[in-house]
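[1] No sequence on hand, only this structure:
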């Protein structure tokens with residue numbers, strides 16, 4: 001038996017209400033009616049619900065960034081606006097109602113609504129006093145004047161602990177409103193090529209939920225004077241891909257970003273650094289919780305940390321006429337220092353430590369680096385190879401492990417590399433936790449550094 005929305009594409013917009021978790025149920029209900037559903041999350045919504053569940057259930061990319069492009073170069077939220085038979089915004093916060101009533105488009109949900117000629121259904125959810133405030137009433141009236149259908153909130157217990165009108169309407173009522181909105185209208189985009197692409201790759205489970213990962217990204221800059229610096233060619237793409245993959249798998253992620261040329265994930269906690277010394281300070285802050293326990297479950301040092309820095313940096317810009325002779329010193333190996341603390345038993349529970357080694361021409365030195373740094377995993381790549389290394393969207397890496405195993409991965413997207421790496425991090429964390437329960441250590445023997 002066909003559902004009432006068979007063949008339809010519905011855009012589902014989710015905003016930053018505590019009721020955002022109910023949008024997953026709404027997605028299931030729309031799918032049960034036969035609808036194809038494409039999901040959009042405002043930045044605030046991603047703090048309540050991650051895109052992973054929506055991607056798994058909808059089989060479409062989840063739109064979170066107005067500047068993001070689909071793999072084929074199209075603008076994701078515009079594609080939804082052009083092809084959706086209806087857009088339903090549920091839950092819709094008071095902030096979003098005001099944004100939309102005034103035609104602002106700072107998020108993918110409002111931008112898609114502005115860009116569409118399809119009917120729009122809005123299901124607000126908020127505190128009772130917010131719902132009855134004259135500003136909210138005026139904004140709702142204005143949305144109705146646009147032709148939007150408003151499924152008013154219900155009375156009941158609210159997140160504030162009070163009772164009143166503000167609870168998100170029942171899922172069935174919202175679905176009924178969507179069905180009514182598209183009644184007697186032809187399907188706008190019956191061809192799959194007109195719609196958002198289908199996610200063919202399997203969606204990862206939330207196997208990092210409850211874990212905290214610290215990921216470093218980008219290249220450090222070592223000052224010569226206030227104007228000049230010693231740097232490297234890192235763009236931060238690999239580190240950001242790892243952070244995004246970890247977020248999609250349910251982790252809490254802190255990104256310590258040096259110089260990067262890509263957008264950083266909004267859902268992550270962000271610390272910006274410039275030099276190796278700044279990075280050392282940021283890592284020291286993240287290293288331990290207030291009770292002295294380890295501050296993270298895994299550290300992925302994807303940043304390209306300068307190996308050298310000037311012994312003395314000028315306080316003022318150096319004149320060209322004076323010439324320049326640099327005396328350099330080695331920077332400290334920050335990851336090796338953390339590994340020594342972990343090996344000494346002062347960092348508990350022991351975090352999983354991942355290093356990166358950018359080589360040219362050969363990976364022969366990578367095994368020595370793995371041992372010398374004392375890490376669990378070392379990701380090595382030849383940055384001189386076409387399509388692998390700094391600034392590219394793909395990478396060919398070899399993952400070396402402290403237990404002596406080695407995985408030579410084919411060239412693939414940096415996101416695919418990130419997930420392959422996180423698969424191994426997950427296994428190591430699970431082994432660590434089992435060892436803690438049984439009292440049997442699974443830590444591999446390591447040669448002294």
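    Noted; the coordinates are in hand. Everything numeric here is computed off the predicted structure, so don't read it as measured data. Numbers count the residues shown, from 1 in each chain.
[2] Let me know the pLDDT of residue 447.
    Among the per-residue scores, residue 447 holds a pLDDT of 44.
[3] cool, and residue 159?
    For residue 159, the pLDDT comes out at 69.
[4] Can you give me the end-to-end span of stretch 313-323?
    Terminal residues of stretch 313-323 are spaced 15 Å apart (C-alpha to C-alpha, to the nearest Å).
[5] let me redo that: stretch 323-334
    Comparing the first residue of stretch 323-334 with its last one, the separation is 33 Å (C-alpha to C-alpha).
[6] Kindly report the same for stretch 266-280.
    According to C-alpha to C-alpha, stretch 266-280 extends 23 Å from its N-terminal end residue to its C-terminal end residue.
[7] Would you mind listing the buried residues in that stretch?
    Within stretch 266-280, the residues that count as buried by 16 or more other C-beta atoms under 10 Å are 267-268, 271, 273, 275-280. C-beta here means a position set from N, CA and C on the backbone, and glycine is covered the same way.
[8] Tell me how far residue 87 lies from residue 273.
    Distance of residue 87 to residue 273, computed by C-beta to C-beta, to the nearest Å: 40 Å.
[9] how about the buried residues of stretch 266-280 in CSV, adding pLDDT and distance to residue 211?
    Conversion of the buried residues of stretch 266-280 to CSV gives the following (pLDDT from 0 to 100; distance: C-beta to C-beta, whole Å):
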residue, pLDDT, distance to residue 211
267, 86, 14
268, 93, 13
271, 96, 18
273, 97, 23
275, 95, 29
276, 95, 27
277, 95, 28
278, 96, 25
279, 97, 22
280, 96, 24
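[10] now, which of the residues you listed lie within helices?
    Among the buried residues of stretch 266-280, the members falling in helices (DSSP state H) are 276-280.
[11] List just the nearest of the buried residues of stretch 266-280 to residue 212.
    Using C-beta to C-beta, residue 268 is the member of the buried residues of stretch 266-280 that lies nearest residue 212, at 11.0 Å.
[12] any idea which helix or strand comes after the lowest-mean-pLDDT helix or strand in the chain?
    For the chain, the helix or strand with the lowest mean confidence is helix 51-58, at a mean of 79 (criterion: mean pLDDT, DSSP states H and E). The C-terminal neighbour of helix 51-58 among helices and strands, as given by DSSP states H and E, is helix 76-83.
[13] just checking, what packs against that following helix?
    Packed against helix 76-83, as judged by 3 or more C-beta pairs under 8 Å, 6 or more residues apart in numbering; DSSP states H and E, are the following elements: strand 9-14, strand 36-41, helix 108-115.
[14] Tell me which of the ones you listed lies nearest to residue 422.
    Between residue 422 and the helices and strands packed on helix 76-83, the tightest spacing by C-beta to C-beta is seen for strand 36-41, at 21.6 Å.
[15] Could you tell me how far the closest one lies from the centre of the chain?
    Centroid separation between strand 36-41 and its chain, computed with C-alpha atoms, centre = their mean, to the nearest Å, is 17 Å.
[16] Likewise for stretch 184-199?
    How far stretch 184-199 lies from its chain's middle: 27 Å, per C-alpha atoms, centre = their mean.
[17] go on, stretch 362-372?
    Relative to the mean C-alpha coordinate of its chain, stretch 362-372 is positioned 30 Å out (C-alpha atoms, centre = their mean).
[18] so where is the stretch 201-350 of the chain shaky, pLDDT-wise?
    Scanning the stretch 201-350 of the chain for pLDDT under 70 picks out the ranges 201-205.
[19] tell me the phi and psi of residue 193?
    phi -70, psi -20 (degrees, to the nearest 10).
[20] roughly how far apart are it and residue 374?
    According to C-beta to C-beta, residue 193 and residue 374 sit 51 Å apart.
[21] Helices of this structure, residue ranges please.
    Counting by DSSP H, one finds helices in the chain at the ranges 22-32, 51-58, 76-83, 94-101, 108-115, 128-132, 134-145, 171-182, 237-248, 276-287, 334-343, 366-373, 414-438.
[22] TSV please, covering these and showing distance to residue 44.
    Formatted as TSV, the helices of the chain follow (distance: least, C-beta to C-beta, whole Å):
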stretch	distance to residue 44
helix 22-32	13
helix 51-58	14
helix 76-83	16
helix 94-101	8
helix 108-115	10
helix 128-132	15
helix 134-145	17
helix 171-182	20
helix 237-248	15
helix 276-287	25
helix 334-343	34
helix 366-373	39
helix 414-438	24
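[23] most packed of those helices?
    Among the helices of the chain, helix 237-248 has the highest mean neighbour count (mean count of other C-beta atoms under 10 Å), at a mean of 26.
[24] so that helix versus helix 414-438, what angle?
    50 degrees (axes from the mean of the first three to the mean of the last three C-alpha atoms, to 10 degrees).
[25] tell me the angle of helix 237-248 relative to helix 51-58?
    Here the directions of helix 237-248 and helix 51-58 differ by 70 degrees (the same axes, to 10 degrees).
[26] ok, now how distant is residue 144 from residue 251?
    The spacing between residue 144 and residue 251, counted by C-beta to C-beta, is 41 Å.
[27] follow-up on the earlier one: settle it for me: which of residue 193 and residue 374 has more neighbours?
    residue 374 (23 against 8; other C-beta atoms under 10 Å).
[28] tell me the contacts of the residue lying closest to residue 219 once chain neighbours are set aside?
    Counting by C-beta to C-beta, 6 or more residues apart in numbering, residue 219 lies nearest to residue 234, which is 3.5 Å off, once chain neighbours are set aside. By C-beta atoms under 8 Å, 6 or more residues apart in numbering, residue 234 lies in contact with 218-219, 258-259, 303-304, 390.
[29] dump the residue contacts of the spatially most central residue of the chain.
    Using C-alpha atoms, centre = their mean, the residue of the chain that lies closest to the mean C-alpha position is residue 244, 3.2 Å off. If you count contacts by C-beta under 8 Å, 6+ apart, residue 244 has them with 265, 415, 418.
[30] same thing but at 10 Å, please
    Taking C-beta atoms under 10 Å, 6 or more residues apart in numbering, we find residue 244 in contact with 51, 215, 253, 255, 263-265, 267-268, 414-415, 418.
[31] Show me which of these is closest to residue 154.
    The nearest member of the contacts of residue 244 to residue 154, counting by C-beta to C-beta, is residue 51 at 27.2 Å.
[32] so residue 79 touches residue 71, yeah?
    No: the criterion here is C-beta atoms under 10 Å, and residue 79 misses it with residue 71 at 11.7 Å.
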